[in-house]
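**Q** Make a model of this:
(one chain, ligands or ions: 2)
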Amino acid sequence: MVKVTVCGAAGGIGQPLSLLLKQSEHITHLSLYDIVNTPGVAADLSHINTKSKVTGHKGNEQLEEAIKDSDVVVIPAGVPRKPGMTRDDLFKINAGIVRDLATAAAKYAPKAFMCIISNPVNSTVPIVAEVFKKHGVYDPRRIFGVTTLDIVRASTFVSELIGADAASLKVPVVGGHSGVTILPLLSQVPGTEKLSEEQIKQVTNRIQFGGDEVVKAKDGAGSATLSMAYAGARFALNIIEAAKGAKGITECTYIDLAAAGDAAQSVKDVAGDVAYFSVPVELGTEGVSKVLPIGQINEYEKSLFAAATPELQGNIAKGASFQ
Ligand code: NAD
Ligand code: LMR
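**A** Ligands and ions are numbered 1, 2, ... in the order given. I've put the predicted structure just below:
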């Protein structure tokens, strides 16, 4: 039995994400929670002849039943950006939304794998961690900031330049999930040696600000939803497969480095004094089973890390101190 709850399930990400999850053979119960429209979304999805039962839950009074005993909770709830906004501008609305959903999860599904999509991810993940600590149920291996869209974008943009297959090209992206905190490690990608310094800088910038590209193109109608649903489903399904015992599944994800054990110091040696960072991890039955080395980075990438650290530290402190 695998119960997955999507919080924000009626939204721009929530609906396509739920559709993708509905296709999984591994999920037996897909629970859809939002403050609006979930009965309709659930009725619609429930007609699809795949394995999972679908239930819809609307409003705070139905949050407990929505989330109770979930194995995985995916949170794309909250407001998206409009042109001219930073992700941090979303904090004042989304922080409280994420805190309240995390509180319900800590009470009713304390062992769930928490996949946090709501922005600003750099701060919302520390918020969830603090809520779980407050309830005495914190396990840093089980709480993830979903940065998969950065990796998906990086694979697409870099493969276009070097002529590789986008679906199989692996581009590690570490750090955080906002502008300069997004750190693509292009020097580790075979084929990028044929790119000029200028091309590397341009594609790095495109990966860092890929979200803005979509926000601008949507022109006030929100931010990435479909590509995020794809990325979020990939991440959640990988978590489930690993939890069921599949070996060798790796993803980059934004975590509390407390989950890294002895490997935390080697991350801090490159990243500076940050408590949370997106790192390549191997997933296992309890969530993060191993933090993998960041690997060699070149001088240009070192300069990107230096620019990321202060912003990341500020974002983390803001999330960790939010009540
Ligand atoms: P949206 O406005 O289309 O949908 C958000 C949904 O959340 C709505 O249905 C809304 O009713 C619901 N919601 C609001 N308050 C809620 C609450 N208290 N409980 C449950 N649901 C609630 O927005 P969207 O485009 O789906 O984006 C959602 C979030 O995801 C935004 O914060 C956005 O910035 C973020 N995002 C993150 C990434 C990433 O890479 N991590 C990518 C894209 C978007
Ligand atoms: C993204 O990277 O697309 C998301 O974080 C949404 C945004 O605000 O850009």
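
**Q** how about the residues of this protein near ligand 1?
**A** With C-beta under 6 Å from any ligand atom as the criterion, the chain comes near ligand 1 at residues 7-8, 10-14, 33-36, 76-81, 90, 94, 97, 101, 117-119, 121, 146, 149, 177, 222-225, 228. To be clear about C-beta, it is placed using only N, CA and C from the backbone, and glycine gets the same treatment.

**Q** From those residues, which land in helices?
**A** G14, N94, I97, L101, V121, L149, M228 (DSSP state H).

**Q** Using CSV, write down the CA coordinates of the strand ranked longest in the chain.
**A** Scanning the chain for the strand with the most residues, using DSSP state E, yields strand 276-284. Backbone C-alpha positions of strand 276-284 (Å, rounded to 0.1, in the frame of the first residue of the first chain) are rendered in CSV as follows:
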residue,chain,number,x,y,z
TYR,A,276,21.0,23.1,3.6
PHE,A,277,22.2,22.4,0.1
SER,A,278,21.1,20.5,-2.9
VAL,A,279,23.5,17.6,-3.4
PRO,A,280,23.5,14.4,-5.4
VAL,A,281,22.1,11.7,-3.2
GLU,A,282,21.4,8.0,-3.4
LEU,A,283,17.8,7.2,-2.4
GLY,A,284,16.9,4.2,-0.2
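
**Q** got the buried residues for it?
**A** Counting neighbours by 16 or more other C-beta atoms under 10 Å, one finds that the buried residues in strand 276-284 are Y276, F277, S278, V279, P280, V281, L283, G284.

**Q** Where does the closest residue to L283 other than its chain neighbours sit: helix, strand or coil?
**A** Take L283 and drop its neighbours on the chain: the residue closest to it by C-beta to C-beta, 6 or more residues apart in numbering is A242, 3.5 Å away. Under DSSP: H, G, I helix; E, B strand; the rest coil, the three-state class of A242 is helix.

**Q** residue contacts, A242?
**A** Contacts for A242 (C-beta atoms under 8 Å, 6 or more residues apart in numbering) come out as I249, L283, G284, T285, S289.

**Q** now do G222
**A** G222 neighbours (C-beta under 8 Å, 6+ apart): G12, P80, R81, K82, V215.

**Q** Now do the same contact list for the third one.
**A** By C-beta under 8 Å, 6+ apart, the contact list for R81 reads R87, D89, L90, N119, G211, V215, G222, S223.

**Q** at 7 Å instead, please
**A** Residues in contact with R81, defined by C-beta atoms under 7 Å, 6 or more residues apart in numbering, are R87, L90, V215, S223.

**Q** Check the fourth one too.
**A** By C-beta under 7 Å, 6+ apart, the contact set of K82 is G220.

**Q** Distance-wise, check it relative to ligand 2.
**A** For K82, the distance to ligand 2 equals 9 Å [C-beta to the nearest ligand atom, to the nearest Å].

**Q** change the start of the numbering to 56 and stick with it
**A** Sure, I'll start counting at 56 from here, so that last one is K137.
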